[in-house]
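Colleague: what would the 3D arrangement of this be:
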Amino acid sequence: MPGKKNAPQIDEENVLQDDFLDAGVEGDEDWMAEAEGQLAVDVYQTKENVVIKAPIAGVTPDKIDIEVAEDVVTIRGERVEEKEVDREHYYVQECYWGSFSRSVILPTSTIAEKAAASLKDGVLTVTIPKVAQDKVKKIKVKPV
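Modeller: Next comes the predicted model:
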């Protein structure tokens, strides 16, 4: 068509490889080393609990640290990479290896002391009981 330039030809087999190779910073010896990763989470509430679920495959329970405050939960951990292949031999590396963390502000007041966590099939589940509404003390302001 007149006035239109031909689109550049894309070699689909090499797109990932080119992106992968171009991702490094010139002179940076360990360009794949990243800062701390951010853990993906799902957060929902039931009538009694706030529940946080996170896919955390490849992490052992002893590599997970969970801090629960009244309104914030912080999950930290480390996914350790088994050094089977040297980094320069990777074609694509999308899985995150190393330290990760995530802090979540909870949607309601909870009872931190009664929080529980479990790890099943690579999914971490943190369950925190909510403060019962009838236990919340309301006070009236008295005129002076």
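
Colleague: for the protein, which segments count as helices?
Modeller: Under the criterion DSSP state H, the chain contains helices at 12-22.

Colleague: shaky segments in it?
Modeller: Where the chain drops to pLDDT under 70, the residues are 1-34, 134-136.

Colleague: show residues contacting stretch 54-70.
Modeller: Stretch 54-70 has contacts (C-beta atoms under 8 Å, 6 or more residues apart in numbering) with 39-42, 73-80, 102, 106, 109-110, 112, 115, 117, 119, 122-124, 126, 128. (Glycine included, C-beta is placed from N, CA and C.)

Colleague: start and end of that stretch, how far apart?
Modeller: 20 Å (C-alpha to C-alpha, to the nearest Å).

Colleague: same thing with stretch 113-126?
Modeller: Start-to-end, stretch 113-126 (C-alpha to C-alpha) is 13 Å.

Colleague: quick one: Lys53 from Ile105, how far?
Modeller: 16 Å (C-beta to C-beta, to the nearest Å).

Colleague: oops, could you answer that again for Val80 instead?
Modeller: From Val80 to Ile105 the distance is 29 Å (C-beta to C-beta).

Colleague: which one's more surrounded, those two?
Modeller: Val80 (13 against 9; other C-beta atoms under 10 Å).

Colleague: got the contact list for the most centrally placed residue in the chain?
Modeller: With distances taken as C-alpha atoms, centre = their mean, Leu39 lies nearest the centre of the chain, 0.8 Å away. The contact partners of Leu39, by C-beta under 8 Å, 6+ apart, come to Ala54, Ile56, Ile75, Gly77, Phe100, Ser101, Arg102.
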